[in-house]
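> I would like to see how this sequence folds:
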Amino acid sequence: MGNAISFDTASPRFGLPLLFSGQSQKEVYVNEAHGIVDALLHCAIEDVSDLPPEIPVDGRNWLIGSNPTGEWEGKNGCLACRQAGGWIYIMPKNGLEVFNVKTEQMYFYFDGWRCASQIHEPIGGNIIDVEARFVISQLISALKSLGVVPRV
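This is a model prediction of the structure:
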């Protein structure tokens, strides 16, 4: 029989609280873990902002910008998730993806948040390859429809 796996008090990736036998108020830890999982599962953010919304709505997530103020001060780059009338802050880990509802674009975290910039279709030039331009237009359209690059 192999060695038993031992855990600290939280999961290694996102710090989900773990339960122990005989632990009192287990519902507090379970509810906290469910809140974090709920925020991260198919995560969508309203937008990137340095300032919390004036009237926050439970179930909405925001990506905190580089110069946060107010309740978000010191939480640069974290996800701010409104749950049960308060904020849950989640420090991103490499591989995390979120969908920005405002820009309709995917954001990826790998040692910092990344998203593609706008791609413009080719115009002008002395020699115009109509077939190549058609294919480039199709590629740009596909990247926009997948949320890889901004639609605007």
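
> ok, for the residue nearest the centre of the chain, nearest residue in space, not its chain neighbours?
Geometric centre of the chain, nearest residue: Val98, 3.3 Å, by CA atoms, centre = their mean. Once flanking residues are discounted, Val98 sits nearest to Cys43: 4.5 Å by CB to CB, 6 or more residues apart in numbering. All C-beta spots, glycine's among them, are computed from the backbone N, C-alpha and C.

> Regarding the closest residue to Pro17 other than its chain neighbours, what is its secondary structure?
Once flanking residues are discounted, Pro17 sits nearest to Tyr29: 4.1 Å by CB to CB, 6+ apart. Secondary structure, DSSP: H, G, I helix; E, B strand; the rest coil: Tyr29 is helix.

> hmm, who's touching the helix or strand bottoming out on mean pLDDT in the chain?
Least confident helix or strand of the chain, by mean pLDDT, DSSP states H and E, is helix 26-40 with a mean of 79. With contact meaning CB atoms under 8 Å, 6 or more residues apart in numbering, helix 26-40 is reached by 14-19, 23, 59, 61, 79, 81, 83-84, 88, 90, 96.

> swap the cut-off to 6 Å and go again
Contacts to helix 26-40, defined as CB atoms under 6 Å, 6 or more residues apart in numbering, come from residues 14, 16-17, 19, 61, 81, 83, 88.

> distance of the residue nearest to Val98 from Thr9?
Per CB to CB, to the nearest Å, Cys43 is found 24 Å from Thr9.

> higher neighbour count, those two?
Cys43 (18 against 10; other CB atoms under 10 Å).

> so which strand or helix has Phe134?
helix 130-145 (DSSP states H and E).

> Could you pull out the buried residues of that helix?
140, 144 (16 or more other CB atoms under 10 Å).
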